[in-house]
Every structure is written in C-alpha cells, then in structure tokens.
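*Asks:* structure of the sequence below:
(one chain, ligands or ions: 2)
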Amino acid sequence: MRLRIAIQKSGRLADASLELLKKCGITFAHSRDRLFSFGRTLPLDLLCVRDDDIPQLLQENACQLAIVGQNTVREFELENDNSPPLIEELRSLDFCHCRLSVAVPEKFDYRDATSLAGRKIATSYPATLRDFLSSRGVDAVPVRLSGSVEIAPQLGTADVIADLVSTGTTLKANHLREVETIRNVQAALYRNRCVLHDEGEALIDKLLKRIDGVQQAAESKYVMLHAPREAVERITRLLPGAESPTLLPLEGEPGRVALHAVCREAVFWDHIEELRDAGATAVLVLPIEKMLA
Ligand code: PRT
Ligand code: ZN
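*Replies:* Ligands and ions are numbered 1, 2, ... in the order given. Here you go, the predicted structure:
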C-alpha cells in the first residue's frame, strides 16, 4: 500500500510544502522530470503539478492527499457545485497567507458592495466572487482572467478587480485600492473522501501527528534560566503556556536554581524582561525542532 500526495511543482507554495514534508521526516528520491518522486522514508509518494490541477487530481483519486491554497480548493468546489464536498481539509498549514479582495481604481467612488452593481470585475476566482456578490445581493459581471488581473482596469477590460493580495504592493503599483476582503486564505492539507485500507488511514494519522508536532514545535520554545528559589513560582507563571518546569541545583549557589521549561506559545521580549524583573538571570530561549504530544 502506498499513498500519493500532490504539491505545487514550482511557485509560492512549492518550497514550503516540500520543507514541511521534510520536517515530518519524509524524503523523496527525485525523478528526473520531478513530476513523480518515490517516498523513501514512508509509503508516501510525491506528485508535483500546477496548483490549479490539484483539486481535480484529488477528486479523481490520482492522489489521496494534497497541499494547496484554500482559495484554489474553494473555487473548485464552487465551480463544480460539490455538495457534499468530495475534498476534506485536514489542517491549515500557516504558510502562504493571503486574502482574496476586491480592489477599485483610486478614483472609484466606493461606498459598499452595492457600488459594484453592474460593474465588470476581473478575477481568476469567478465562482468565489459570484458567491460573495450573491451573499451581498449584488448583481455584477465577473470577467475571468488567468493572470495579470491587476492591469485589467487600465486596459479597460474591467472596472474593478478581485485578486489575491498579500503585501498590497501590486495593488499600489497599479493605483488600486483594496475595499473588501472576500476571504482570508492560507495553504492547507487536504484529502479526498475515497475509502482507504486501514494501513492508508494509519499513514494519514501518522502524517497528521507529525504535522501537529512540527507546528507545535514552531510555536514552542525551550527556556533555560537561573532564578532565586523563592521566585520559581512567579517565574513559572510568567512563562507563556509552560508546563511544570524542571529545577536543577546550581553548584555553590544554594539559594538559586536552574529552571528549564517548554513554553507552548511564542516568547516575546516583554516576557523576557518580566522574567528578569522577577530575578531571572542567564535567560536562554532556544528553538525546538520536533515535539511529540
Ligand atoms: O504555476 P502554478 O499555476 O502552479 O502557480 P500560480 O502562479 O497559479 O500560483 P502562485 O505560485 O503565484 O501562488 C500559489 C498560491 O500561493 C496561491 O493560490 C495562494 O494560495 C498563495 N498566495 C499567497 C498567493 C499570494 N500570496 C500572492 N500574493 N498567490 C498569488 N499572489 C499574487 C497575487 O495574485 C498578486 O498578483 O501576488 C500578487 C499580490 O501580491 P502583493 O504582495 O503585491 O500583495
Ligand atoms: Zn496556478
């Protein structure tokens, strides 16, 4: 039994997807065309394709798992009127964050979504846009473009646009103003709803546990510090999300201890300064590579 996971071949999602799998301990023997790669460490093979093809491949069971933008899956589902959904989101993955937004030329007199009535809206996501417009009760005309959406108003092929935005630089460069967020999206792990053998289910479970471990480790930090023994309780309370810390004696300093703890949330400078005020010295905050709950 082997399963197949599809990821984007090249583009914004590609490196981070491969990196996540690597952090989960999955490595691949790359083939020359890099379309299909054999999984060396788990019975999980890799399919590298254009991101737009991924939902279809998943639906047809050419792969059982995939990493792709939520925007791409949402559009596919709306376009194909998939109810009940044939594709299931297993985890959001916290990379490639962006939003699908409506943007209008700087001089456009925009009040609310009703200002879009009767307008031509250029987008690569016509079904998601239509869904948004109907939720606002607005009748407008989506114009499907596969790229360079942001120049459509200048070319006169549309009045306004609905496109993915991350920093907003592209909009600014094209004298466009973001006026509505249709959806916030990020990369996510999906599976199809095809029935698998127990072994297949167990493999997906294992992958999910490893992904959870990687995500937890990314947020968690290992904190080491020295503290007066009587300040241990106060210091423990200051450590975000720390469980019972380990205390170690310090040679030649009976009143002080070394305290080690795993913080399950981000540790900011504020926390470190508060720790120091509570009497902590020699504070070290270390990254954690892997974590098993
Ligand atoms: O070749 P292939 O079809 O596989 O790739 P692609 O060109 O269709 O996709 P790609 O690699 O550009 O994006 C893949 C996924 O990354 C998208 O489906 C989103 O889920 C996610 N993502 C995150 C983005 C952005 N951020 C993003 N900023 N996708 C596109 N953009 C574009 C946007 O369309 C606009 O042109 O970047 C521009 C805006 O960026 P800012 O920073 O100027 O606001
Ligand atoms: Zn694409």
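*Asks:* what lies in contact with the helix or strand hosting residue 182?
*Replies:* Residue 182 is part of strand 176-185 when elements are defined by DSSP states H and E. Under the criterion CB atoms under 8 Å, 6 or more residues apart in numbering, residues 69-71, 74, 97-106, 108, 110, 113, 128-129, 132, 150, 153, 161-162, 164-165, 168, 171 lie in contact with strand 176-185. Quick note: C-beta positions are derived from backbone N, CA and C, even for glycine.
*Asks:* and the contacts of the helix or strand just after that strand?
*Replies:* For strand 176-185, the following helix or strand on the C-terminal side (DSSP H and E) is strand 187-192. By CB under 8 Å, 6+ apart, the residues outside strand 187-192 that reach it are 13, 16-17, 58-59, 61, 64-70, 73, 86-96, 204, 208, 211.
*Asks:* now do the helices in this structure.
*Replies:* In the chain, the helices defined using DSSP state H lie at 14-23, 54-59, 70-79, 126-135, 152-155, 169-173, 198-219, 232-238, 269-277.
*Asks:* who does the second one touch, helix- and strand-wise?
*Replies:* Judged by 3 or more CB pairs under 8 Å, 6 or more residues apart in numbering; DSSP states H and E, helix 54-59 is in contact with strand 3-8, strand 65-69, helix 70-79, strand 87-92, strand 187-192.
*Asks:* just the CA trace of that helix, in PDB.
*Replies:* Extracted C-alpha coordinates of helix 54-59, given in PDB (Å, rounded to 0.1, in the frame of the first residue of the first chain):
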ATOM      1  CA  ILE A  54      -4.600  19.700  -7.700                       C
ATOM      2  CA  PRO A  55      -8.300  19.700  -6.700                       C
ATOM      3  CA  GLN A  56      -9.200  17.700  -9.800                       C
ATOM      4  CA  LEU A  57      -6.400  15.200  -9.200                       C
ATOM      5  CA  LEU A  58      -7.600  14.800  -5.700                       C
ATOM      6  CA  GLN A  59     -11.200  14.300  -6.700                       C
END
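*Asks:* so which bits of that helix are buried?
*Replies:* 54, 55, 57, 58, 59 (16 or more other CB atoms under 10 Å).
*Asks:* one more: the third one?
*Replies:* For helix 70-79, the buried set under the neighbour-count rule, 16+ other CB under 10 Å, comprises 70, 71, 72, 73, 74, 75, 76, 77, 78.
*Asks:* from what I can see the first one touches residue 93, true?
*Replies:* No. Between residue 70 and residue 93 there is no contact under CB atoms under 8 Å: 9.7 Å.
*Asks:* find residues that contact each of those two.
*Replies:* Joint contacts of residue 70 and residue 93 (CB under 8 Å, 6+ apart) are 186, 187, 188.
*Asks:* I figured the first one was touching residue 93, is that so?
*Replies:* Yes. At 6.6 Å, residue 186 and residue 93 qualify as touching, with contact defined as CB under 8 Å.
*Asks:* and these two? Which one has more around it.
*Replies:* residue 93 (21 against 15; other CB atoms under 10 Å).
*Asks:* which residue packs closest to residue 279, ignoring adjacent ones?
*Replies:* residue 231 (4.3 Å; CB to CB, 6 or more residues apart in numbering).
*Asks:* report pLDDT for the one you found.
*Replies:* For residue 231, the model assigns a pLDDT of 96.
*Asks:* so how far is ligand 1 from it?
*Replies:* Look at residue 231 and ligand 1: by CB to the nearest ligand atom, to the nearest Å, they are 45 Å apart.
*Asks:* then residue 270?
*Replies:* Going from residue 270 to ligand 1 by CB to the nearest ligand atom gives 29 Å.
*Asks:* contact residues of the stretch 51-200 of the chain facing ligand 1?
*Replies:* Residues of the stretch 51-200 of the chain lying close to ligand 1 by CB under 6 Å from any ligand atom are 51-52, 69, 71-72, 96, 98, 163-170, 185.
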